[in-house]
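J.: model the structure of this input:
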Amino acid sequence: MDGFKYTCLDFFLTCVGLLFLLLDIVLDIFTVVSFYEEKNYVCLGVLVLFLVGSSVLVQAFSWLWYSFDESERETKVEKCVSRSQLKLLHVFQLGIYFRHAGVVEMSLRRFFSKERDSEGLAAHLSHDLSLLRLIETFSESSPQLVLMLTLTLQRGELSHWPVLKALGSALAIATSVTMYHRFMRSFLPKKAKQGPLSSLVYFLWNFLLIVSRLVALALFTSVLPCFIFTHFFCSWLFFFFFIWRCKTDFMDTPCGEWLYRATVGLIWYFDWFNVGTGKTRNKTVIYHGCMLVDITVLCGLWYWKMITDPPYFQIPQLYAIIIAASVVLLYVFGLLCKIIYYKFYHPSLTKDELKESPTEQGQVTATGDEVDNLVVTDRSMPSPAPEVRHYNKRMRKLAENFYAS
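T.: Next up is the predicted model:
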């Protein structure tokens, strides 16, 4: 079976991701300065909480994964620093850039020297980056978009520019989820790989579900801002208990596993993330049912406040009904798109049909049957060394949860 492919497109997307990461930092600084100049210290504090909390969370996962994979640090960039120096880089919130440098190094070695091993290692590192980017998306980008939408609603600035910025942010969030899905597909056998239409449908239902969720939260926060923290904590606590009951086994240490469960609870506050093994249809139905009820309640409370006690600007009752109903219907339409994806485009595989099981060191060797089928022409010749193929055990677990039935 072929190893993982790391194409020019993957390298391009990695570089673009790094550029967007740097651009995001610049925009965050600009937003912080704007809030400070406006003396909007409440929003400034909330935004700083999102930025710092998300960065610490991402760096914590990055450091834990480096600790688990200590023996697998094979890039020159990774080998140039000691374990204590690597830890210090994560303390100063620079670990994510260190990972990007490793991916760029292995990508260049892959394209200039055509090393097979470099290709697998580049894919392995890219898988970790996609997971870290997914965590950052739901710990920083999503709540930050809710904050911006809330300010827009409270100020009554329903002009084209804020709407376009919000739409662009929502597209970026859905794209990040789709890229994570693209990397999961690398664990499928060739016969089960999906085409562009499948990715398009996957992107569409994630975009619709995420947008409706974020807009509902922004509507609710615009009229009852003090209650959004209570709503988040209660929802997160419910999700965290649900995840604990799923008995996940993703990280290599108990503390890391609890951190992972808490993070998935945060992701579930905005969108579904498959963490269970086997068939998860019932869990998915329960989640989306609860989410649909929650979005309906949030939009209903916003509508009630708008017609009884408009906070800053008056919206005609008919328009308020249309807005609230549209958000709920958007979520329903996203669920229909998700059903279409699972009905026509989602491959249901067994674990045996996924790629052959690697060894504990992250290597794939020839199986016994493959050795028996080898034609030996000269027994005096030494046996060839087994082919080493790097793989990402974390992404593989997620792929098994998503694809294996």
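J.: ok, Glu257 - contacts?
T.: 248-251 (C-beta atoms under 8 Å, 6 or more residues apart in numbering). All C-beta atoms are positioned from the backbone trio N, CA, C, and that covers glycine.
J.: mind checking which of those residues are buried?
T.: Buried by 16 or more other C-beta atoms under 10 Å: 248, 250-251, out of the contacts of Glu257.
J.: low-confidence stretches in this protein?
T.: 1-14, 16-18, 70-74, 110-122, 157-164, 189-195, 277-279, 310-314, 348-391, 404-405 (pLDDT under 70).
J.: mind doing that once more with 50?
T.: 1-3, 357-388 (pLDDT under 50).
J.: closest to Leu224 out of the contacts of Glu257?
T.: Thr248 (33.2 Å; C-beta to C-beta).
J.: find the nearest non-adjacent residue to that closest one, please.
T.: Take Thr248 and drop its neighbours on the chain: the residue closest to it by C-beta to C-beta, 6 or more residues apart in numbering is Val275, 5.2 Å away.
J.: repeat for Leu51
T.: That would be Asp28: by C-beta to C-beta, 6+ apart, it lies 5.8 Å from Leu51.
J.: surely that neighbour forms part of a strand?
T.: No. Per DSSP: H, G, I helix; E, B strand; the rest coil, Asp28 lies outside any strand segment and is helix.
J.: one step back: so how far is Phe241 from the residue nearest to Thr248?
T.: Per C-beta to C-beta, to the nearest Å, Val275 is found 13 Å from Phe241.
J.: neighbour count winner among those two?
T.: Counted by other C-beta atoms under 10 Å, Val275 and Phe241 do not tie: Val275 has more neighbours, with 23 against 11.
J.: pull the contacting residues for that one.
T.: Contact analysis of Val275 by C-beta under 8 Å, 6+ apart lists 243, 246, 248, 250, 264, 398, 401.
J.: surely the first one and Arg261 touch.
T.: The one in question is Ile243. Yes. Contact between Ile243 and Arg261 holds when scored by C-beta atoms under 8 Å: they sit 4.7 Å apart.
J.: what is the subsequent helix or strand relative to the helix or strand where Ala172 lies?
T.: Using DSSP states H and E, Ala172 falls within helix 160-184. Later in the chain than helix 160-184, the nearest helix or strand by DSSP H and E is helix 196-223.
J.: gap between the spatially closest residue to Phe98 that is not a sequence neighbour and Phe68?
T.: In this structure, Phe98 finds its nearest non-sequential neighbour in Leu89, 5.6 Å apart by C-beta to C-beta, 6+ apart. According to C-beta to C-beta, Leu89 stands 17 Å off from Phe68.
J.: counting neighbours, go ahead and name the busier of these two.
T.: The residue with more neighbours, out of Leu89 and Phe68, is Leu89; 19 against 15, by other C-beta under 10 Å.
J.: dump the residue contacts of the more buried one.
T.: 81, 95, 98 are the contacts of Leu89 under C-beta under 8 Å, 6+ apart.
J.: from these, which land in helices?
T.: Counting by DSSP state H, those place 95, 98 in helices.
J.: ChimeraX command for the buried members of the contacts of Leu89?
T.: With 16+ other C-beta under 10 Å as the criterion, this ChimeraX line picks the buried residues out of the contacts of Leu89:
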select :95,98
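J.: quick check, nearest of the contacts of Leu89 to Leu153?
T.: Once C-beta to C-beta is applied, the member of these that ends up nearest Leu153 is Gly95, at 36.1 Å.
J.: so that closest one makes contact with Leu64?
T.: No. Counting by C-beta under 8 Å, Gly95 sits too far from Leu64 to count as a contact (10.5 Å).
J.: picking up where we left off before, ok, so of the contacts of Leu89, who is nearest Leu49?
T.: Gly95 (20.4 Å).
J.: please name the nearest non-neighbouring residue to the closest one.
T.: In space, Gly95 is closest to Ser62, 4.3 Å off (C-beta to C-beta, 6+ apart).
J.: quick one, phi/psi of the residue nearest to Val201 when sequence neighbours are not counted?
T.: Nearest residue to Val201, sequence neighbours excluded (C-beta to C-beta, 6+ apart): Tyr341, at 4.7 Å. Backbone torsions of Tyr341, given as degrees, to the nearest 10, read phi -60, psi -50.
J.: and Tyr341, what does it touch?
T.: 198, 201-202, 205.
J.: now do 6 Å
T.: By C-beta atoms under 6 Å, 6 or more residues apart in numbering, Tyr341 lies in contact with 201-202, 205.
J.: Ser67 now?
T.: Counting by C-beta under 6 Å, 6+ apart, Ser67 has no contacts.
J.: count of neighbours near Thr75?
T.: For Thr75, using other C-beta under 10 Å, the count is 21.
J.: how much space between it and Gln85?
T.: The spacing between Thr75 and Gln85, counted by C-beta to C-beta, is 15 Å.
J.: same check, this time on Ile307
T.: Distance from Ile307 to Gln85, by C-beta to C-beta: 60 Å.
J.: between the two, which is the more surrounded one?
T.: Each of Ile307 and Gln85 has its neighbours counted (other C-beta under 10 Å); Ile307 has more, 14 against 9.
J.: excluding its backbone neighbours, what's nearest that one?
T.: Excluding its sequence neighbours, the residue lying closest to Ile307 (C-beta to C-beta, 6+ apart) is Gln317, at 5.4 Å.
J.: helix, strand or coil for the residue nearest in space to the middle of the chain?
T.: Nearest to the mean C-alpha position of the chain, by C-alpha atoms, centre = their mean, lies Leu134 at 2.1 Å. Assigned by three-state DSSP, the conformation of Leu134 is helix.
J.: tally of neighbours for the residue nearest to Ile307?
T.: Gln317: 11 neighbours (other C-beta under 10 Å).
J.: my guess is it contacts Trp304. True?
T.: No. Gln317 is beyond contact range of Trp304, at 11.1 Å (criterion: C-beta atoms under 6 Å).
J.: contacting residues around stretch 207-214?
T.: 145-146, 170, 173-174, 270-271, 327, 330-331, 333-334.
J.: re the thing from before, what's the separation between the residue nearest to Val201 and Leu200?
T.: Applying C-beta to C-beta to Tyr341 and Leu200 gives a distance of 10 Å.
J.: now do Ser107
T.: 26 Å.
J.: so which of these two has more stuff around it?
T.: Of the pair Ser107 and Leu200, Ser107 is the one with more neighbours under other C-beta under 10 Å, namely 24 against 12.
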